[in-house]
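1. Whatever this is, show me its structure:
(one chain, ligands or ions: 1)
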Amino acid sequence: MITIGVDDTDSEKGLCTTYLAAVMMERLSGIGEIKGFPRLVRLNPCVQFKTRGNAAIAFSLETDRPGKAKEVALLTLIELSDFSGPKTNPGLVVAEEVPAELSSFYRRALDEVLEVREAEEIIDRYDLWSRGFKNRRGLIGALAAMGAEFPDKTYELLAYREPKRWGTPREIDEESVWRADELTYPKTWDTVDHHNRKVVFAPHSKDPVLFGIRGQDPEFLRLSLETIKSEPFERMVIYKTNQGTDVHINRDEIARVVENRSYRLRGVVAKEPKVIEGGHLFFPLESEDGKSSIKCAAFEPTKNFRNLVRALVPGDLIEVYGAVKKRTLNIEKMEIVDLAKMTALEAPICPSCKRRMKSAGRGQGYRCRRCKTRAEGKVETVIPREIEEGFYEVPPCARRHLSKLLVRMMDRNVHPSR
Ligand code: ATP
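-> Residues are numbered from 1 along each chain as shown. Take a look at the predicted model:
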């Protein structure tokens, strides 16, 4: 059995590492058998080198011709990589036995920004067969994907377009996509965005992906696929993936936050959220001991999620989930743990006729004009809050790949965004 890892073969102009891997697997199936599901592995969403979603692929092949398999894999990589892309630095690694150390390399690749040198050191130490091109950065993702273990997992079915259609508008019958969602949600998710009335499972770029169906169970992905009417697709692959699992999230304290990592942080809203030009919302979150704080953001693309953030007030105790870039946490998900009590001082209500009393004159308290009842001064009344405690998330159109969806957390007090 050999394990193959591949990454960084595409550019903004086109192609896709998952497509390259799909073709590679087809060609390799002539000299062996692909074992289990191939793995679509998302890595640190904060790395600046990524083209889109920082994905890498790994899969296992049962074969008695490992030399031939390496040759086929390499030729496919050379044929289908876009070497012209400034950010395209392909990496391919093949191992007969995956070193145990790769599982911690995977964990680090989710969390830190690694150096190519670190990948090369591991390759040298275990004498792994590898090929890296240009600055060889793809070796990082290729190795990390090989070491990925999924204590929690989901699946994604990717359908790929016929090459003659690449770059043309995708032909997908939207009505059938809504039907597929109706039929398979919550076993599939993020096919459509109900609130924003949008089909969200197909890219708009020139790459070979026709659409991706995400979910909990491969059977439901297939059922969804059967329901969707679209242009013919060249091939499709179901990947096992770490998407939708929160594996990138570190539970930590505000004082210990470092750049380019993703966190779950507990704190108190310190000031009312402020909107800036472009519709982006910001507020400071303070640790419960008041000693540290961090700026939190709900950017414009998070759409209706901002209404919830806008309803927060100073004193609300919350937990925010998201990636920290430029000292700002971009909220992917939030738990409102304890809503602050909002009160206002108002004239008292008359105990007999239940009408609001009027001032009886400066320093003379309040008086009911009808019943003549008197009262000393204003009373504190509770202002009802517009929001409830519980978990909230950004809508499907703004979903981050690794974020665990609330529909996967139904044992909690969740408000899933569909
Ligand atoms: P696509 O989704 O279309 O495959 P992408 O967004 O996955 O594109 P890549 O083209 O794979 O982007 O580029 C990401 C690059 O960053 C790869 O070279 C990968 O090896 C590297 N990389 C991944 N994780 C890390 C990390 N934690 N530290 C440093 N480099 C990383």
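2. Count the residues that sit near residue 2.
-> 22 (other CB atoms under 10 Å). Every residue, glycine included, has its C-beta placed from N, CA and C.
3. And residue 221, how far from residue 155?
-> 6 Å (CB to CB, to the nearest Å).
4. so what sits against both of these two?
-> 214, 215, 238 (CB atoms under 8 Å, 6 or more residues apart in numbering).
5. In strands, which of these appear?
-> 214, 215, 238 (DSSP state E).
6. any idea which of these is closest to the ligand?
-> The ligand lies nearest to residue 214 out of these, by CB to the nearest ligand atom, at 14.4 Å.
7. looking at it, the closest one is touching residue 188, isn't it?
-> Yes - at 6.4 Å, residue 214 and residue 188 qualify as touching, with contact defined as CB atoms under 8 Å.
8. Now do the shared contacts for these two.
-> residue 221.
9. between residue 221 and residue 155, which one's more packed in?
-> residue 221 (25 against 22).
10. if I've got this straight, the more buried one is in a helix?
-> Yes - Residue 221 forms part of a helix when assessed by DSSP: H, G, I helix; E, B strand; the rest coil.
11. per-residue confidence for it?
-> If you check residue 221, the pLDDT there is 98.
12. measure the residue lying closest to it once chain neighbours are set aside to residue 230 for me?
-> Spatial nearest neighbour of residue 221, chain neighbours left out: residue 157 (4.1 Å); criterion: CB to CB, 6 or more residues apart in numbering. Residue 157 is 13 Å from residue 230, where distance means CB to CB.
13. Compare these two and say which is more crowded by neighbours.
-> Neighbour count, other CB under 10 Å: between residue 157 and residue 230, residue 157 has more, with 21 against 18.
14. Domain map for the protein?
-> With domains defined by automatic domain parsing, the chain comprises 2-147, 154-241, 249-341+385-415, 343-382.
15. Give me the distance between the longest one and the centre of its chain.
-> Its chain's C-alpha centre and that of domain 2-147 lie 21 Å apart, by CA atoms, centre = their mean, to the nearest Å.
16. first to last residue in that domain, what's the distance?
-> Using CA to CA, to the nearest Å, one end of domain 2-147 lies 13 Å from the other.
17. does any part of that domain sit near the ligand?
-> Yes - residues of domain 2-147 are located near the ligand by CB under 6 Å from any ligand atom, namely 7-8, 10, 16-17, 43-44, 47, 49-55, 89, 109, 112-114, 137-138, 140-141.
18. Now that domain: average pLDDT?
-> 96.
19. Residue numbering should commence at 44 henceforth.
-> Sounds good: first residue 44 from here, last item domain 45-190.
20. just so I have it, where are all the strands in the stretch 194-343 of the chain?
-> Under the criterion DSSP state E, counting those that start in this stretch, strands of the stretch 194-343 of the chain are mapped to 197-204, 231-232, 235-236, 241-242, 252-258, 276-284, 292-295, 305-312, 317-319, 323-329, 336-341.
21. Can you say which of these is nearest to the ligand?
-> strand 252-258 (8.7 Å).
22. who's in contact with residue 130?
-> Here residue 130 is in contact with 51, 54, 55, 92, 94 (CB under 8 Å, 6+ apart).
23. Over in the chain, which residue gets nearest the ligand? Let me know.
-> Counting by CB to the nearest ligand atom, the chain gets nearest to the ligand through residue 184 (3.0 Å).
24. The one helix or strand that residue maps to: which residues count as buried?
-> With elements taken from DSSP states H and E, the one containing residue 184 is helix 181-190. Residues 181, 182, 183, 184, 185, 186, 187, 188, 189, 190 are the ones in helix 181-190 that count as buried (16 or more other CB atoms under 10 Å).
25. same check, this time on stretch 327-336
-> 327, 328, 329, 330, 336.
26. still on that earlier bit, and the contacts of residue 130, which are buried?
-> Of the contacts of residue 130, these count as buried by 16+ other CB under 10 Å: 51, 54, 94.
27. do you know how far the residue lying closest to residue 145 once chain neighbours are set aside is from residue 151?
-> Counting by CB to CB, 6+ apart, residue 190 is the residue found nearest to residue 145 once chain neighbours are left out, at 2.6 Å. According to CB to CB, residue 190 stands 10 Å off from residue 151.
28. quick one: the helices in the protein?
-> 60-71, 109-123, 144-154, 159-168, 181-190, 217-227, 261-270, 348-353 (DSSP state H).
29. name the helices or strands packed onto the last one?
-> Helices and strands touching helix 348-353, as assessed by 3 or more CB pairs under 8 Å, 6 or more residues apart in numbering; DSSP states H and E, comprise strand 323-329, strand 336-341, strand 371-381, strand 433-436.
30. for residue 64, what are its contacts?
-> 49, 81, 100, 102, 280.
31. For the second one, grab the count of nearby residues.
-> Using other CB under 10 Å, residue 81 has 24 other residues around it.
32. go on, the last one?
-> For residue 280, the number of neighbouring residues by other CB under 10 Å comes to 22.
33. hey, what's it bridged with?
-> Listed beta-bridge partners, residue 280: residue 201 (assigned using DSSP bridges).
34. Could I get the contacting residues of it?
-> Counting by CB under 8 Å, 6+ apart, residue 280 has contacts 61, 64, 65, 68, 81, 200, 201, 203.
35. go on, the first one?
-> Residues touching residue 49, when contacts are defined by CB under 8 Å, 6+ apart, comprise 60, 63-64, 67, 99-101, 116, 120, 133-136, 181, 185, 188.
36. of all these, which comes closest to residue 444?
-> residue 99 (12.2 Å; CB to CB).
37. Show me what the closest one is bridged to.
-> Bridge pairing for residue 99 - DSSP bridges - gives residue 84.
38. Surely it and residue 182 touch.
-> No - using CB under 8 Å, residue 99 is not in contact with residue 182, being 10.2 Å away.
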